[in-house]
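>>> Everything below, folded, please.
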Amino acid sequence: MKKLSLLLIMLVAAMAVKAQIATNIYWVKFTDKANSPYSIDRPEEFLSERALERRARLNIAVDEYDIPVNPQYLQAVADCGAQLLNPSKWLNGVTVYTTSQSVVNAINALEFVDAVRNCPDFPEAQRDKEIWLANEMKESSKPVLYRDFYGGAHDQVFQLKVNELHDMGYNGEGVVIAVLDGGFVGTEEAECFDNMRAEGRLLGVREFVYGSTSVYSQSTHGTSCLSTIAAYDPNNMVGTAYKASFYLFHTEDGNGENIVEEFNWVSGAELADSLGVDICTTSLGYIGFDMPQWDHAFSDFDGHTAPMTIGAEIAASRGIICTNSAGNEGGGTCTLGIPADAEHILTVGAVNASGQRASFSSVGPTFDGRIKPDVMAMGEDTYVASGYGSYWPYYNGSGTSFSNPVLAGAVACLRQARPNASVQDICDALRAAGDHTNNPDNQYGYGIPDFVAALNMIDAVEEVSLGENEIVCVYPNPSRGNVKVVINDGQFGVNGFNGIVYGMTGQVLCNTNNINELEAVLNSLSSGIYQVKVDTEKGSQTVKVVICK
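Below is the predicted model of the structure:
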């Protein structure tokens, strides 16, 4: 009890100061990137070698989103008297600080400025966030039943079968993860990160919160999240990707709840992209703010409206796998936090060690009717590092903040095993490998993924060539609606082929001898498991096809 009381006191003390400076922060959006000194023909000027290697490996072209904000525009804004904070090339703007309305007016008058919006902060929304964080960091009385290699993290690792990936040699080595969070107090000293530091796998840190002095300030929240992935303290705690490398970015302001934090996150994700990061994991979520102009209505949860959601979608299009907490708002209709509505990320809900959904885990659907969360992982009584020293190194906490990084580390092992798989391939495989894939819903999504099964599914996606006696291949499988069908011409005979698609109850959905028609029907199907049978004069073959949308 004393430990818990001390934790809550320190947490509240760290967040109690209300940041008046936030009322003087503005978002400046530019109209274009005209006359930029940068060009997509010279990407090495703004993307690292590792970032370019990832693009080449995944066949992703450099485009206008990658062009940095025009430095002439930034200089003009600075010349008006504003302090530049974090530019965003994806959103084409910059956050600035000024206390002068005349400076704001001068910025507004610049011909290349589309809009200037205030990002004010008041204490009410922040108090809600403090309660949310405090509830996650309450120590439970759950006993630690295992003292094997994984220590207290045994349940959360084994539930996803990540231990089996570890046994295969996939432990995250060579994979780079960016953790974007609200502070990493204690990370620089915690023993469970000694191995990470000694091996030089803490690649860098970056502070994006104006007024904060260090990423190792404000909160232990990021430390606890990081530990579920990176901890290496055998027989006490070992994380899901204990050999991965890390960047730590502080984007959430513990002193206020402000829309500027979404812009901070986008700037952080952009930096992660330019550094060649493979995975961005974030245990944050945003819904309401005190100023109505920034509130997120249900209609904003459509996958392409909120600033952070837009950033997450662009990050995914760059080849970064983004994982995000669903939120801790419980049941209802769309209790998610931004950017959990993003379509091409993995939104992670929480279950307990027995696989039952935690009552606090947020649910969908999104405004446009998509299922969320995507997958589930252990977020109730999760074993995490406290960040408060060796006298109390670990505890069991509850929240989707913890289920999310548990899963992100497992994703890192999958990325290590399948470096050429696309973001879509990996996300589709995890949905298809979930224990609710046959009946996904907005409580569980596609369920708890079996990472070994997902690994095997990605093999099937990558191997699209047909053997001599094979008649048909349908890929990617699972698919989100981008199905391709390959039929072995050598098996046709003089009369070609006939293809039949069967529904989940055995009904015939399509009967055709045209590959384009066959693909069109498959791509029109809703989520489920279907059968495709192809008959030729030389034989017949039936394959199961999993559709996840």
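>>> Going by C-alpha atoms from here, please, whenever you check contacts or count neighbours.
Fine.
>>> Test my guess that residue 107 contacts residue 83.
No: judged on CA atoms under 8 Å, residue 107 makes no contact with residue 83 at a distance of 11.8 Å.
>>> So which of the two has more stuff around it?
Neighbours were counted for residue 107 and for residue 83 using other CA atoms under 10 Å; residue 107 has more, 23 against 15.
>>> Contact partners for the more buried one?
77, 80, 113, 116 (CA atoms under 8 Å, 6 or more residues apart in numbering).
>>> By neighbour count, which of those wins?
residue 77 (23 neighbours).
>>> Pull the contacting residues for that one.
Contacts of residue 77 (CA under 8 Å, 6+ apart): 84, 107.
>>> what helix or strand does it sit in?
Applying DSSP states H and E as the criterion places residue 77 in helix 71-79.
>>> ok, residues contacting the following helix or strand past that helix?
Per DSSP H and E, the first helix or strand lying C-terminal to helix 71-79 is strand 83-88. With CA under 8 Å, 6+ apart as the test, strand 83-88 has contacts from 68-69, 74, 77-78, 93-98, 208, 210, 263-264, 266-267, 270.
>>> starting at the chain centroid, how far to strand 83-88?
24 Å (CA atoms, centre = their mean, to the nearest Å).
>>> Extract the C-alpha set from that strand and format it as PDB.
Output of strand 83-88 as PDB, limited to C-alpha atoms (Å, rounded to 0.1, in the frame of the first residue of the first chain):
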ATOM      1  CA  GLN A  83       9.200  30.800 -31.700                       C
ATOM      2  CA  LEU A  84       9.200  27.700 -34.000                       C
ATOM      3  CA  LEU A  85       8.400  24.400 -32.200                       C
ATOM      4  CA  ASN A  86       7.800  21.300 -34.300                       C
ATOM      5  CA  PRO A  87       7.400  21.400 -38.100                       C
ATOM      6  CA  SER A  88       5.300  18.700 -39.800                       C
END
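>>> Can you identify the element that follows it toward the C-terminus?
Using DSSP H and E, the first helix or strand after strand 83-88 is strand 93-97.
>>> Tell me which strands that next one pairs with, and in which orientation.
Using DSSP bridges, strand 93-97 pairs in its sheet with strand 25-30 (antiparallel), strand 83-88 (antiparallel).
>>> Can you lay out the ones you listed as a markdown table showing mean pLDDT and distance to residue 341?
Formatted as a markdown table, the strands paired with strand 93-97 follow (pLDDT from 0 to 100; distance: least, CA to CA, whole Å):
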| stretch | mean pLDDT | distance to residue 341 |
| --- | --- | --- |
| strand 25-30 | 96 | 23 |
| strand 83-88 | 96 | 21 |
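>>> which one of those lies closest to residue 281?
strand 83-88 (18.9 Å; CA to CA).
>>> quick one, the closest one and helix 71-79 angle?
Computed by axes from the mean of the first three to the mean of the last three CA atoms, to 10 degrees, the angle separating strand 83-88 from helix 71-79 equals 150 degrees.
>>> Could I get the buried residue list for strand 83-88?
84, 85, 86, 87, 88 (16 or more other CA atoms under 10 Å).
>>> who does whichever strand or helix holds residue 203 touch, helix- and strand-wise?
Taking DSSP H and E as the criterion, residue 203 maps to strand 202-207. Identification of packing neighbours for strand 202-207 by 3 or more CA pairs under 8 Å, 6 or more residues apart in numbering; DSSP states H and E yields strand 245-250.
>>> Only the C-alpha atoms, please, for the helix or strand following the strand it packs on, written as PDB.
Counting by DSSP H and E, the element after strand 245-250 in chain order, helix or strand, is helix 260-275. Taking Å, rounded to 0.1, in the frame of the first residue of the first chain, the C-alpha atoms of helix 260-275 are listed here in PDB:
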ATOM      1  CA  VAL A 260      -1.000  20.300 -29.900                       C
ATOM      2  CA  GLU A 261       0.000  16.900 -28.600                       C
ATOM      3  CA  GLU A 262      -1.500  15.300 -31.700                       C
ATOM      4  CA  PHE A 263       0.800  17.500 -33.800                       C
ATOM      5  CA  ASN A 264       3.700  16.600 -31.600                       C
ATOM      6  CA  TRP A 265       3.000  13.000 -32.300                       C
ATOM      7  CA  VAL A 266       2.900  13.500 -36.100                       C
ATOM      8  CA  SER A 267       6.300  15.300 -35.900                       C
ATOM      9  CA  GLY A 268       7.600  12.400 -33.900                       C
ATOM     10  CA  ALA A 269       6.300   9.800 -36.400                       C
ATOM     11  CA  GLU A 270       7.900  11.800 -39.200                       C
ATOM     12  CA  LEU A 271      11.300  11.800 -37.400                       C
ATOM     13  CA  ALA A 272      10.800   8.000 -36.900                       C
ATOM     14  CA  ASP A 273      10.200   7.500 -40.600                       C
ATOM     15  CA  SER A 274      13.300   9.600 -41.600                       C
ATOM     16  CA  LEU A 275      15.400   7.500 -39.200                       C
END
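>>> by how many degrees do helix 260-275 and strand 83-88 diverge?
Going by the same axes, to 10 degrees, helix 260-275 makes 60 degrees with strand 83-88.
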